[in-house]
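Trainee: okay, sequence plus prediction incoming.
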Amino acid sequence: MADASIEFKGSSFTLSVLHLKTSMLVDIRTDLADKVAQAPDFFYLVPIVVSIEQLEGSIDYQAIKTLIESFNFTFVGFTGTVSKEQRTLIRELGFSFVNTAKVNTVEKNTISAEAAETKIVTETPARNLFSDKIHRGQIRSGQQVYAKDQNLVVIGSVSAGAEVIADGNIHVYGSLRGRAIAGATGHHRAQIYCQNLEAELVSINGNYWLSESMEQYWGSPAYIHLTDSELTSSKLI
Amino acid sequence: MARIIVVTSGKGGVGKTTSSAAIGLGLALKGQKVVLIDFDIGLRNLDLIMGCERRVVYDFVNVINGEATLNQALIKDKRVSSLSILPASQTRDKDALNKENVGKVLEELGKIYDYIVCDSPAGIEAGAMMALYYADEAIVTTNPEVSSVRDSDRILGMLASRSRRAELGLEPIKEHLLLTRYSPKRVDDGEMLSVEDVVDILSIPLLGVIPESQAVLKASNAGEPVILDTESDAGKAYQDVVDRLMGETVDFRFLHAKKKGILSRMFGG
């Protein structure tokens, strides 16, 4: 075997997972086009795993694969916590089913011989991959700005009665007097930075504070983050 | 091109109509051709403040509906010939206006007048949106108390998103802050927000500070805009506002309680 021209070895990779929330191809196409248009170079030939965990009813796997590839992604396979029957069906249709690392350890013995050699670790894109949505000017009472899958940078103040939301971090280069919700879709590492903390409410990954909890750095530059699921404020400068 | 200025606030009772009347008359006294439009359909007030309520025959809604011409509806001010008033209807409601026809009326007026001052109704509904839609400039009238400031903040958001200029992506509406019913003594006593507080929260340039004054109520009841009362602090403060609107640099007055006599450091008074 020493002279073998090939060798199998296990390796871990970080892959992007596309979580589908609907099996309506039209909707997926529209949203995907939007996303790709924001950073076409970033997504070009990026290997991608498609999570079908949130889908219900019958799924047209081939159509999803074709759709993904039409946006110049490199389709790797499907993933998600699904029934054994569904997994078998996916394999029978000729697609690879990729288990996340966590599932792997639990169900190691169910993985077929070919797959066992290449353990693929999947996770959501790391936080620092978020791009920035930049808002210039004050955000007024009654206005809401949402940075979906992005960090939000506000060059100006956030008025009382206004709301800023980001899936990533929130930076306010001005006074934060309204509500700020960071890590909105579940990122415990998200943080909120502002030059003057007078917020009505701050929230990170679902943990929130009303203004009475912010007394320590009230009226001064501060940032809010999570330490062991507890909100913490720290002096910024 | 006429400058279309909306006098707005969000909150009611802060002095929009008083300010519209004073500023409109003040501009006319400076030789400008001015028309004041009352957008508060159903709660017609501007004609009372201007003292021409008994001369209203046709109104803004009649013009919009083609039931009267502009010339029939416009009321010439008896004090200053270069000032006209287009009164609101008292019997209709705010849905009587529509964007297209309001635009046509403003275009017609723009050919004749230098300034079109639109007195907005309170609130953030259709009537207020109509008054600000075509504006080039906005005078955001605010009392130094938190609810008024927050409502002004809301209106500033509307100016930046719901106006014609915003929709067409043109240069944004020029915003001016007009602080009315200001009482330096109550600020010193900590009962009222200071000029600095309000400017800090709203972050727009200060056009004027009108001190709380008995002269305002007296002027309203008499149908004589307070700017004509040249002895009163409020009258003088409105005169300063008019001068600033016309591009002059005027120091701010009446910012501090009289007995202290401290000059404003912030505004170089």
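Mentor: Structure's in. What do you need? Numbering: from 1, shown residues only, chains lettered A, B, ... in the order given.
Trainee: got any ranges where chain B has weak pLDDT?
Mentor: B:258-269 (pLDDT under 70).
Trainee: ranges for the strands of chain A?
Mentor: Here chain A has its strands, by DSSP state E, at A:16-19, A:47-51, A:74-79, A:131-136, A:144-147, A:150-155, A:163-166, A:170-176, A:179-182, A:192-197, A:201-204, A:207-210, A:222-227, A:230-235.
Trainee: chain B is nearest to which of the ones you listed?
Mentor: strand A:170-176 (7.8 Å; CB to the nearest CB). To be clear about C-beta, it is placed using only N, CA and C from the backbone, and glycine gets the same treatment.
Trainee: in the closest one, which residues are buried?
Mentor: Buried positions in strand A:170-176, judged by neighbour count with 16 or more other CB atoms under 10 Å in any protein chain shown: A:170, A:171, A:172, A:174, A:175, A:176.
Trainee: go ahead and confirm the third one touches residue A:162.
Mentor: No. In this structure, residue A:172 sits apart from residue A:162 without contact. The criterion is CB atoms under 8 Å, and the distance is 10.6 Å.
Trainee: re the thing from before, and the buried residues of strand A:170-176 as TSV, adding distance to chain B?
Mentor: Converted to TSV, these look like this (distance: CB to the nearest CB, whole Å):
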residue	distance to chain B
A:170	19
A:171	18
A:172	13
A:174	8
A:175	8
A:176	13
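Trainee: so what's residue B:56 closest to, chain neighbours aside?
Mentor: residue B:87 (4.8 Å; CB to CB, 6 or more residues apart in numbering or on different chains).
Trainee: who's in contact with that neighbour?
Mentor: Under the criterion of CB atoms under 8 Å, 6 or more residues apart in numbering or on different chains, the contact list for residue B:87 reads B:38, B:44, B:46, B:47, B:52, B:56, B:59, B:60, B:73, B:75.
Trainee: repeat for residue A:153
Mentor: Contacts of residue A:153 by CB under 8 Å, 6+ apart are A:132, A:133, A:134, A:135, A:171, A:173.
Trainee: and the residue nearest to the third one when sequence neighbours are not counted, how far is that from residue A:181?
Mentor: Same thing as residue A:134. Distances taken as CB to CB, 6+ apart place residue A:153 nearest to residue A:134, at 4.7 Å, with adjacent residues excluded. Going from residue A:153 to residue A:181 by CB to CB, to the nearest Å gives 15 Å.
Trainee: now swap in residue A:208 and tell me
Mentor: 8 Å.
Trainee: likewise for residue A:193?
Mentor: Going from residue A:193 to residue A:181 by CB to CB gives 14 Å.
Trainee: returning to what we had before: anything in contact with each of residue A:208 and residue A:181?
Mentor: A:201, A:202.
Trainee: between these two, which has more neighbouring residues?
Mentor: Using other CB atoms under 10 Å in any protein chain shown as the criterion, residue A:208 and residue A:181 rank with residue A:181 on top: 22 against 14.
Trainee: confidence score at that one?
Mentor: At residue A:181, the model reports a pLDDT of 97.
Trainee: need the contact list for the closest residue to chain B within chain A.
Mentor: Chain A approaches chain B most closely through residue A:140 (3.1 Å), counting by CB to the nearest CB. Contacts for residue A:140 (CB under 8 Å, 6+ apart) come out as A:159, A:161, A:162, B:153, B:154, B:156, B:157, B:160.
Trainee: go again with 10 Å.
Mentor: By CB atoms under 10 Å, 6 or more residues apart in numbering or on different chains, the residues touching residue A:140 are A:156-162, A:178, B:150, B:152-161, B:202-203.
Trainee: so what are the domain limits for chain A?
Mentor: Domains of chain A are assigned by automatic domain parsing as A:16-117, A:131-235.
Trainee: would you turn those into JSON lines with distance to residue B:207?
Mentor: Converted to JSON lines, the domains of chain A look like this (distance: least, CB to CB, whole Å):
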{"stretch": "domain A:16-117", "distance to residue B:207": "40"}
{"stretch": "domain A:131-235", "distance to residue B:207": "18"}
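Trainee: going by mean pLDDT, which of the ones you listed comes out lowest?
Mentor: Lowest mean pLDDT within the domains of chain A: domain A:16-117, a mean of 77.
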